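Peer 1: Coordinates for the following, if possible.
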Amino acid sequence: FDLNFSSDFVTEIYYIYENDQYVSAADNRKSALNWFGIHNELNRGIWVIRAGGIYNWGRLEIGDEGKYVNAFLGEFEAGVNINSFHAGLAAEGASGDPNSPDSSKSFQDIKASHGFSLIAVDNIGGISLRGSGESGWYGLYGGGLKLQYFLFSTIAAKMKALHFQTAEKLTRNGR
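Peer 2: This is a model prediction of the structure:
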């Protein structure tokens, strides 16, 4: 659902429900999850501000164990547009335990996933901080600089310099 209050302010509001009862050998999870999102963009002259959030709740079943999910993802960007050039400072993060995608506070991705950087945080292959099929955002937050330039008014050249941190210490095999 999109709301255009003026040519300067746009809001996107959505609700998604996923009832995934299929269990595979690679993923023994069943879920009944909900997402409610609001994303806003304000353009005033050359200035751009984007802010949004996604609230995630529902039930996860891993094997015989079930738990309720209550999680959140937030995003913010402030930038400037000058002719064909855009520069912005961006931040995004999600609740959760970086050691456990199945934690009740770990944000669960909407399939196909919500992604901040298709290279650094994704679940579609390539270089990734997490393996394929796992949520890319639970327990991570980051920020950085986004640059974009339109060549010949049609080709977008983008660059992002991002720094990520975990909400808690990461462990592997107990270390």
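
Peer 1: What is the longest strand of this structure by residue count?
Peer 2: For the chain, the strand that runs over the most residues, judged by DSSP state E, is strand 65-82.

Peer 1: any idea of the mean pLDDT for that strand?
Peer 2: Over the span of strand 65-82, the pLDDT mean works out to 92.

Peer 1: Next secondary structure after it?
Peer 2: Going down the chain from strand 65-82, the next helix or strand is strand 85-94, by DSSP states H and E.

Peer 1: Same question for the helix or strand that that following strand is followed by: list its buried residues.
Peer 2: Sequence order places strand 140-151 as the next helix or strand after strand 85-94, per DSSP H and E. Using 16 or more other Cβ atoms under 10 Å as the burial criterion, the residues of strand 140-151 that qualify are L140, Y141, G142, G143, G144, K146, Q148. Every C-beta, even on glycine, is put in place using the N, C-alpha and C of the backbone.

Peer 1: is it true that the second one touches P98?
Peer 2: No: counting by Cβ atoms under 8 Å, Y141 does not reach P98; the two are 10.1 Å apart.

Peer 1: shared neighbours of the two, which are they?
Peer 2: Taking Cβ atoms under 8 Å, 6 or more residues apart in numbering as the contact rule, Y141 and P98 both touch A167.

Peer 1: just to revisit the earlier point, from the buried residues of strand 140-151, which single one is nearest G79?
Peer 2: The shortest distance between G79 and any of the buried residues of strand 140-151, using Cβ to Cβ, involves K146 and amounts to 7.0 Å.

Peer 1: Tell me the spatial nearest neighbour of that closest one, not counting adjacent residues.
Peer 2: G88 (4.7 Å; Cβ to Cβ, 6 or more residues apart in numbering).

Peer 1: Y55 bridge partners, please.
Peer 2: Here Y55 shows beta-bridge partners F36, F72, assigned using DSSP bridges.

Peer 1: Against G66, how distant is it?
Peer 2: The gap separating Y55 from G66 is 20 Å, by Cβ to Cβ, to the nearest Å.

Peer 1: Tell me which of the two has more neighbours.
Peer 2: Taking other Cβ atoms under 10 Å, Y55 and G66 do not tie; Y55 has more neighbours (16 against 11).

Peer 1: No further queries at this time; thank you.
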